[in-house]
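Q: can't give you the sequence, but here's the structure:
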């Protein structure tokens, strides 16, 4: 008699699940399954929620990805007890009914609205290619002749009339912004300190001082007390390149004669720390580049930089891999290195378990992505559309001005279609066609059915290869992004398993 009752319950659960799946219209829901050492999890793309699930539910949903609905039901029914399967099926149906999980089968890509207005009124930053000259010859630099995809060194400097017109453009197109930023880029911008001073002077005649923000990316070797004082007085944010302790930094960051630059960079940072004083934590940051040969032991050695007495322990920094001149036949995801991520996760978990402060390198490398997961927006009903992955508003968030006066989308993209020049302005129709319409049309076949669409950081810099949009190059970067994001989802849930209360500390970190 009991078996018959359970049989009736199974039929009821089966019918309810099949009823719910009718809304899929022959497609499959978009979701991701993953597991930690302790538990099984479901990430639902439609609602942006993460759920703990049983092993049976995990296995059933995994079959559902690969098999027709009826085959997935039959496979689990015959390989588990009726009681267990009814429980699993009822739980999944309850999630579908109550939380609207597993109900999204397509997430559309939406282009930003009112892009014309944003370009004309909401420009946030201009980045000036101050010069294409540099006093260093770093082995991994994108200006090196071996990087066919990127810019090359030359003796060209940006003329003042181009810089002034670029500043005029920022003044004219930032009316809705509380802040308007001017960044000096190179080459090495400090080769042209008088030019920078004149740009600052001119900008202050065009844009109110309380709105202006200045910043600079520099190798630090040309820093002097005078320059550091000027930068501090004008509230510059200064991003200095330093790859680690001396013997690591000097492997790649060298002068043309291959002499290392560490000692000059160290002195430059010290000048900045002295000039900025208490503002150092806010205004000075380090750009660290990780280059081959890769190993966790090398990361350990880089981490000893924080043990050096002169180095500020709480300084902000970015940490990235050296750019590679990727050729089409090298777009193989399984050749990638994950030593930094592995090292950072081990160190971070150890400190999390001990309720102690993580090594700054591990913390800053991981916490920005963990924060974006923790602070993600949760949907009560599956949203039908999302934005364009991690892409910014093209031509509005920032623009890059080359030394010749050409306007480009971003300093991070080597070769990409120009948007216009500082004298004629941005060709908005061209921008829309390339960076909105074409990008969306060539991306939606993959993106609309991708489990990562709501958490994705892929942007234009990951899609343009050889000066044009490349589906293959974007797919290559998409696979990397999916691999890394799955690792971060596992880490996030693992931290929650250790101590769910402390995961809320991530709310204190500013979301990128």
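A: That came through, no problem. This one's a predicted model, so the numbers in the text were calculated from it and none came from an experiment.

Q: Which of the residues in stretch 373-387 are classified as buried?
A: 373-374, 379, 382-383, 386 (16 or more other Cβ atoms under 10 Å). To be clear about C-beta, it is placed using only N, CA and C from the backbone, and glycine gets the same treatment.

Q: Sort out which one of the residues you listed lies nearest residue 407 for me.
A: Nearest to residue 407 among the buried residues of stretch 373-387, counting by Cβ to Cβ, is residue 386 at 27.7 Å.

Q: Got the confidence number for residue 7?
A: Listed pLDDT for residue 7 reads 64.

Q: for residue 392, that is, sorry about that
A: 89.

Q: do the one 3 residues further on as well
A: The score at residue 395 is 94. That number is its pLDDT.

Q: burial of it, as a residue count?
A: Counted by other Cβ atoms under 10 Å, the residues lying close to residue 395 total 26.

Q: same check, this time on residue 202
A: Residue 202: 16 neighbours (other Cβ under 10 Å).

Q: With residue 408 instead?
A: 21.

Q: Spell out the secondary structure type for the closest residue to it other than its chain neighbours.
A: Spatial nearest neighbour of residue 408, chain neighbours left out: residue 400 (4.4 Å); criterion: Cβ to Cβ, 6 or more residues apart in numbering. Of the three states, residue 400 takes strand under DSSP: H, G, I helix; E, B strand; the rest coil.

Q: Just list whatever residues bridge to residue 400.
A: residue 127, residue 408 (DSSP bridges).

Q: How about the contacts made by it?
A: Listed by Cβ atoms under 8 Å, 6 or more residues apart in numbering, the contact partners of residue 400 are 126-127, 129, 185, 407-411.

Q: Adding pLDDT and distance to residue 475, write those out as TSV.
A: Listed next are the contacts of residue 400 as TSV, based on pLDDT from 0 to 100; distance: Cβ to Cβ, whole Å:
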residue	pLDDT	distance to residue 475
126	98	32
127	98	28
129	97	30
185	97	29
407	96	28
408	95	24
409	93	20
410	91	20
411	89	24
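
Q: farthest-separated two in the buried residues of stretch 373-387?
A: For the buried residues of stretch 373-387, the maximum inter-member distance is 20.7 Å, found between 374 and 382 (Cβ to Cβ).

Q: on that earlier part again, of the buried residues of stretch 373-387, closest to residue 272?
A: Distances from residue 272 to these, taken by Cβ to Cβ, are shortest for residue 374, at 32.8 Å.

Q: if we can go back for a sec, inside helices: which ones of the buried residues of stretch 373-387?
A: 373-374 (DSSP state H).

Q: and which of the buried residues of stretch 373-387 is nearest residue 279?
A: Among those, and counting by Cβ to Cβ, the member closest to residue 279 is residue 374, at 29.1 Å.

Q: Run a quick check on that closest one versus residue 507, I expect a contact.
A: Yes. Using Cβ atoms under 8 Å, residue 374 is in contact with residue 507, at 6.8 Å.

Q: Output the below-cut-off pLDDT ranges for this protein.
A: Residues of the chain that meet the criterion pLDDT under 70 lie in 1-7, 76-78, 142-153, 324-334, 509-512.

Q: For it, which residue occupies the most central location?
A: Nearest to the geometric centre of the chain sits residue 457, at 4.9 Å (Cα atoms, centre = their mean).

Q: Now flag whichever of the buried residues of stretch 373-387 is closest to residue 312.
A: residue 374 (27.4 Å).

Q: Please name the residues that touch that closest one.
A: Contacts of residue 374 (Cβ under 8 Å, 6+ apart): 492, 503-504, 506-507.

Q: Pick the one among those residues closest to residue 439.
A: For the contacts of residue 374, the nearest to residue 439 is residue 492 (29.2 Å; Cβ to Cβ).

Q: gap between the two ends of stretch 243-260?
A: End-to-end distance of stretch 243-260 (Cα to Cα, to the nearest Å): 12 Å.

Q: what's that stretch in contact with?
A: Applying Cβ under 8 Å, 6+ apart, the contact partners of stretch 243-260 are 135-140, 219, 241-242, 261-263, 265-266, 288-291, 298, 301-302, 304-305, 308, 322.

Q: Tell me which of those residues fall in strands.
A: 241, 288-290 (DSSP state E).

Q: which residues does the residue nearest to residue 23 when sequence neighbours are not counted contact?
A: Distance criterion Cβ to Cβ, 6+ apart; nearest residue to residue 23, sequence neighbours excluded, is residue 103 at 6.4 Å. Neighbouring residues of residue 103 by Cβ under 8 Å, 6+ apart: 20, 23, 29, 46, 96, 382.

Q: any idea how far the fourth one lies from residue 404?
A: In this structure, residue 46 and residue 404 are separated by 46 Å, where distance is defined by Cβ to Cβ, to the nearest Å.

Q: And for the fifth one?
A: Counting by Cβ to Cβ, the separation of residue 96 from residue 404 is 57 Å.

Q: Kindly report the same for the last one.
A: Distance, residue 382 to residue 404, by Cβ to Cβ: 47 Å.

Q: between the ones in strands among the contacts of stretch 243-260, which is nearest residue 51?
A: Relative to residue 51, the closest of the ones in strands among the contacts of stretch 243-260 is residue 290; by Cβ to Cβ it sits at 35.2 Å.

Q: The closest one touches residue 322, doesn't it?
A: Yes. If you go by Cβ under 8 Å, residue 290 and residue 322 touch, sitting 6.7 Å apart.

Q: Between residue 96 and residue 404, which is the more surrounded one?
A: Between residue 96 and residue 404, residue 96 has the larger neighbour count (other Cβ under 10 Å), namely 20 against 14.

Q: mind checking the backbone torsions on the more buried one?
A: The phi/psi pair for residue 96 (degrees, to the nearest 10) reads phi -70, psi -40.

Q: Start the count at 45 instead of 1 going forward.
A: In the new numbering, first residue 45, that becomes residue 140.

Q: residues in contact with it?
A: 61, 64, 146-147.

Q: Show the contacting residues for residue 387.
A: Contacts of residue 387 by Cβ under 8 Å, 6+ apart are 340, 343-344, 406.

Q: a strand runs through residue 362, doesn't it?
A: Yes. Assessed by three-state DSSP, residue 362 belongs to a strand.

Q: In the beta-sheet assignment, what are the partners of the closest residue to it other than its chain neighbours?
A: Spatially, and ignoring its direct neighbours in sequence, residue 362 is nearest to residue 331 (5.4 Å; Cβ to Cβ, 6+ apart). Here residue 331 sits in beta bridges with residue 285, residue 362, going by DSSP bridges.

Q: Could I get the contacting residues of residue 331?
A: Here residue 331 is in contact with 261, 283-286, 361-362, 364 (criterion: Cβ under 8 Å, 6+ apart).

Q: Repeat that for residue 388.
A: Contacts of residue 388 by Cβ under 8 Å, 6+ apart are 343, 405-406, 409-410.

Q: Not counting its own residues, what contacts the helix or strand containing residue 259?
A: Taking DSSP states H and E as the criterion, residue 259 maps to strand 256-262. Outside strand 256-262, the residues that touch it by Cβ under 8 Å, 6+ apart are 223-230, 232-234, 240, 244, 247-248, 275, 278-285, 312, 331.

Q: Kindly report the same for stretch 399-412.
A: With Cβ under 8 Å, 6+ apart as the criterion, stretch 399-412 contacts 343, 346-347, 350, 357-358, 360-363, 384-385, 387-389, 391-392, 395-396, 532, 535, 543, 546, 550, 553, 556.

Q: List only those of these flagged as buried.
A: So, by 16+ other Cβ under 10 Å, the buried ones in the contacts of stretch 399-412 are 343, 346-347, 360-361, 363, 384-385, 387-389, 391-392, 396, 532, 535, 550, 553.

Q: In helices, which of the residues you listed appear?
A: Reading helices off these with DSSP H, I get 343, 346-347, 384-385, 387-389, 391-392, 396, 532, 535.

Q: between these, which is nearest residue 166?
A: For those, the nearest to residue 166 is residue 532 (30.7 Å; Cβ to Cβ).
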